[in-house]
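> just coords:
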């Protein structure tokens, strides 16, 4: 990497070559990761086979997000010993607890079993950036009808930066507010060329956040019998067909919604358009199920990798995971022990059939769930106030 000489130090036809990483360069995060990884591995840590940012030495688990680290151990002394050792090589600022980690307000309730994740500060920043501190709240984050490109619509009129606001909302949706994931992803699709109609959609989300700024994710693990993974997968077949130009292939794409829980606590969720066009509801649902299986299989591998140290064997970490599907055809296709190729499904092929071996081996069971209990439904569409609030309570606990 070459840079110009600082002012007052310029020399004709001369530049500087950087010998080490500088804060702000796109290479800097990767350089820091390599430096931290080398420091941990030299101290006996091993990188997880399922997460490049998780390291374990059998006594302490280290998980980091760029340069923010979490240390887990069964004893505080092991963490203190490791931090003292790392201070010989790294400049560390030690926090006493998890409060405020990555902007999250993490609180343990008095019952000793419930944790809440909220981000009031970030929501206030969003409202201030949009100039909507005094706006009237909305009960849902989006209209029922999806938004399209609106190529002939009015250009942007707001003074605020569309991409900056959407970026903050994406972070919020991915950490403590899964209920706005679908709405925010709709707006993020048009970050390259937003119209005024898209600004209105962003303001709609902001109004919903204003009325629920003190709300977040309520985490209350259910471990009565065992600690089990549950996957909820749903799809909205060709949901954009009424919103996009009929000559644009995008209008025929379906949306995938995924929710992965552990002990009834949401640990991963996603709302996004499928990469190819499905030709039936069954195919759209099966693609969503297959996409969710990728997250489930990886999470299972990571959890069994850490279960011994975290003593999950004491609370019976379940060897069987459940995948809940509200489409009977997709469920039957996944559970079928007959031929993979039929007249209606032969085009789906190996790309989406890969997880069937996990079902045959008994690691994952796919079961039927009614649409009103399908938690992933909130990631594929925005429905009426009553239905939205019912699904939000299933996912977030309020």
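Received the coordinates, thanks. Just so it is clear, the model here is predicted, and its values are computed rather than measured.
> What is the strand or helix carrying residue 260 packed up against?
Element membership for residue 260 (DSSP states H and E) is strand 255-262. Where contact means 3 or more C-beta pairs under 8 Å, 6 or more residues apart in numbering; DSSP states H and E, strand 255-262 is packed against strand 229-236, strand 265-273, helix 281-306. The C-beta positions use only the backbone N, C-alpha and C, and glycine is treated the same way.
> Low-confidence ranges, this structure, go.
Across the chain, the stretches falling below the confidence threshold (pLDDT under 70) are 223-225, 312-316, 338-344, 349-350.
> which residues of it fall in helices?
All helices of the chain, identified by DSSP state H, fall at 28-41, 76-86, 120-130, 162-175, 181-188, 196-211, 281-306, 328-335, 350-353, 356-360, 385-396.
> list the buried ones in the shortest one?
By that I understand helix 350-353. For helix 350-353, the neighbour count (16 or more other C-beta atoms under 10 Å) marks 352-353 as buried.
> How about the last one?
Neighbour-count burial for helix 385-396 flags 387-388, 391-392, 394-396 (criterion: 16+ other C-beta under 10 Å).
> still on that earlier bit, can you say which of the helices of the chain is nearest to residue 112?
The minimum distance between residue 112 and the helices of the chain falls on helix 76-86, with 18.8 Å, by C-beta to C-beta.
> which other residues reach the closest one?
When contacts are taken as C-beta atoms under 8 Å, 6 or more residues apart in numbering, the neighbours of helix 76-86 outside the stretch itself are 39, 43, 59-60, 62, 71-73, 92, 94.
> repeat that with 10 Å
Residues lying outside helix 76-86 but in contact with it, judged by C-beta atoms under 10 Å, 6 or more residues apart in numbering, are 36, 39-40, 43, 45, 57, 59-62, 69, 71-73, 75, 90, 92, 94.
> on that earlier part again, can you check which of the helices and strands packed on strand 255-262 gets nearest to residue 190?
Residue 190 lies closest, by C-beta to C-beta, to one member of the helices and strands packed on strand 255-262: strand 265-273, at 12.7 Å.
> For that closest one, name the packing helices and strands.
Counting contacts by 3 or more C-beta pairs under 10 Å, 6 or more residues apart in numbering; DSSP states H and E, the secondary-structure elements packed against strand 265-273 are helix 162-175, helix 181-188, strand 217-219, strand 229-236, strand 255-262, helix 281-306, helix 385-396.
> Buried ones in the first one, by neighbour count?
It stands for helix 162-175. Neighbour-count burial for helix 162-175, with 16+ other C-beta under 10 Å as criterion, is recorded at 162, 165-166, 168-173, 175.
> And for stretch 23-32?
The neighbour-count check on stretch 23-32 (16+ other C-beta under 10 Å) flags residue 32 as buried.
> Now do it: distance from first to last residue.
Start and end residues of stretch 23-32 are separated by 10 Å (C-alpha to C-alpha, to the nearest Å).
> if we can go back for a sec, could you export the buried residues of helix 385-396 to TSV, including columns for distance to residue 8?
Formatted as TSV, the entries for those read as follows, by distance: C-beta to C-beta, whole Å:
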residue	distance to residue 8
387	65
388	60
391	62
392	59
394	63
395	58
396	56
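> Run a quick check on residue 217 versus residue 174, I expect a contact.
No. Applying C-beta atoms under 10 Å, one finds residue 217 not in contact with residue 174, separated by 11.1 Å.
> Need the residues touching each of the two.
The contact lists of residue 217 and residue 174 share residue 269, where a contact means C-beta under 10 Å, 6+ apart.
> Number of residues surrounding residue 127?
Other residues near residue 127 number 18, with proximity taken as other C-beta atoms under 10 Å.
> Same question for residue 259.
Neighbour count of residue 259, defined by other C-beta under 10 Å: 28.
> Equivalent analysis for residue 85, please.
Residue 85 is surrounded by 12 other residues when neighbours are defined as other C-beta under 10 Å.
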